[in-house]
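Engineer: Sequence first, predicted model second:
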Amino acid sequence: MNLRIESLRLVELSCWQQLERAAAERDHAWRTLTLATTDGEVGLARTVVLREVDTTARTLVFYTDFRSAKVAQIAAHPVGTLLAWSAALGWQLRLRCHFEVDHGGLAASSRWARLRLTPAAQDYLSPLAPGSEIGAHQSGPAPREHFAIVSARVEALDWLELHAEGHRRALFDARGPRWVQP
């Protein structure tokens, strides 16, 4: 597809529109994002599934198991990056975010009420924490308590377009929108 958008305002608007589409369309390339966090010593990356986008609040939501390592990493270091790539668009999107985890509040409870009757609920019903050795015995709280949501408040959006006519890059952050060297 490789759209050639010429204004910064339209680039940013198009990025948010693509993110909204990704949350709604299972086959959109940006539906699965790479989440990069740190444990204070090592950078860690994993894939997460984009579930919701609020363009007005500049917030993205994904789900996780509350026992996962990313939850502890976010609690200790709440700033990280989400990375998206679309070959169809020729766009890479890096989102610097501030993350918050909710596992017992209304936001998590209302989403669990919708999710619990779907096959996706199985991801949060295991008695084993993510990364546990299979066959290990663990006991703990009821499965609902394993489900959590992560809200990512976007603080900076770094857009890169790879194009035959020349690569382009733009930044959108507190300093305002601007073209930068790719």
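Structural biologist: Sure, I can see it. Residues are numbered from 1 along each chain as shown.

Engineer: residues making contact with the longest helix anywhere in the chain?
Structural biologist: What stands out as the longest helix in the chain, according to DSSP state H, is helix 8-24. For helix 8-24, contacts defined as C-beta atoms under 8 Å, 6 or more residues apart in numbering pick out 3, 5, 28-31, 50-53, 55, 60, 84, 86, 89, 91, 93, 157, 159, 170, 172, 177-179. Just so you know, the C-beta spots here come from the backbone N, C-alpha and C atoms, and that holds for glycine as well.

Engineer: For it, buried residues please.
Structural biologist: Leu8, Val11, Glu12, Ser14, Cys15, Trp16, Gln18, Leu19, Glu20, Ala22, Ala23 (16 or more other C-beta atoms under 10 Å).

Engineer: cool, stretch 158-174 as well?
Structural biologist: Buried residues in stretch 158-174 (16+ other C-beta under 10 Å): Asp158, Trp159, Leu160, Glu161, Leu162, Arg168, Arg169, Ala170, Leu171, Phe172.

Engineer: Low-confidence stretches in the chain?
Structural biologist: For the chain, the stretches with pLDDT under 70 are 1-3, 136-144.

Engineer: Please compute how far whichever strand in the chain runs longest lies from its chain's middle.
Structural biologist: For the chain, the strand that runs over the most residues, judged by DSSP state E, is strand 147-161. What separates the centre of strand 147-161 from the centre of its chain is 6 Å, taken as C-alpha atoms, centre = their mean, to the nearest Å.

Engineer: Show me where the protein has its strands.
Structural biologist: 32-38, 43-49, 52-54, 59-65, 79-86, 91-102, 147-161, 168-173, 176-180.

Engineer: Dump the ones you listed into CSV; add distance to Tyr124 as well.
Structural biologist: Shown next, in CSV, are the strands of the chain (distance: least, C-beta to C-beta, whole Å):
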stretch, distance to Tyr124
strand 32-38, 17
strand 43-49, 13
strand 52-54, 17
strand 59-65, 6
strand 79-86, 21
strand 91-102, 14
strand 147-161, 4
strand 168-173, 34
strand 176-180, 38
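
Engineer: so which of the ones you listed gets nearest Ala120?
Structural biologist: strand 59-65 (8.1 Å; C-beta to C-beta).

Engineer: sorry, back to before: which of the contacts of helix 8-24 are buried?
Structural biologist: Taking 16+ other C-beta under 10 Å as the criterion, what is buried in the contacts of helix 8-24 is 5, 28-31, 50-53, 60, 84, 86, 89, 91, 93, 157, 159, 170, 172.
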